[in-house]
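Visitor: 3D, please:
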Amino acid sequence: MLDQRTPLPTRKTAVVPSADELSLTLRKVAGFLESIPGLPSPSVTVHTGDVLVQFSFLPSHVLFPAVARVAAVMGVTTQLRPMSDGNWHFEARGQAQGLCVTVFAAVTMATDPVRVAWGVA
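Guide: All right, here's what the predicted structure looks like:
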């Protein structure tokens, strides 16, 4: 019994996206962000089907309205969400250009002088 071979289940391998798919996704992301004039420059993480857009290291009067403007264009509401490390994200999740988009700003990334003086940022 111990020397009998047991067939192992086979795993389906994930489909690796082509460079063409990634290029198309990048063009969609650029088009979406360009459609919202006056946004500050975000950090963007792109996967073939979804996008993370992060605004950081800006004063809160710029940071949080940027998230809210992107949310408004997607037709979703923003929320303040607690993170596992004790910090908070001001974020929104929605669809744009056929992509799943998460836009957020970490509350600790606001560069307000009061936040910096208190050692919060």
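Visitor: going forward, measure contacts and count neighbours with C-alpha atoms only.
Guide: Noted.
Visitor: just checking, what packs against the helix or strand hosting A105?
Guide: Element membership for A105, per DSSP states H and E: strand 99-106. In terms of contacts (3 or more CA pairs under 8 Å, 6 or more residues apart in numbering; DSSP states H and E), strand 99-106 is packed against strand 50-54, helix 60-74, strand 88-96.
Visitor: Reformat those as TSV; add mean neighbour count and mean pLDDT.
Guide: Formatted as TSV, the helices and strands packed on strand 99-106 follow (neighbours: other CA atoms under 10 Å; pLDDT from 0 to 100):
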stretch	mean neighbour count	mean pLDDT
strand 50-54	19	93
helix 60-74	19	94
strand 88-96	19	94
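Visitor: what's next to the strand holding A105, contact-wise?
Guide: Residues from elsewhere that reach strand 99-106 (CA atoms under 8 Å, 6 or more residues apart in numbering): 49-56, 63-64, 67, 70-71, 87-95.
Visitor: Quick check: closest non-adjacent residue to R93.
Guide: Excluding its sequence neighbours, the residue lying closest to R93 (CA to CA, 6 or more residues apart in numbering) is T102, at 4.5 Å.
Visitor: again, but for F104
Guide: Counting by CA to CA, 6+ apart, F104 lies nearest to E91, which is 4.1 Å off, once chain neighbours are set aside.
Visitor: cool, and S43?
Guide: Q54 (5.1 Å).
Visitor: what residues are up against the one you found?
Guide: By CA under 8 Å, 6+ apart, the contact set of Q54 is 42-44, 103-105.
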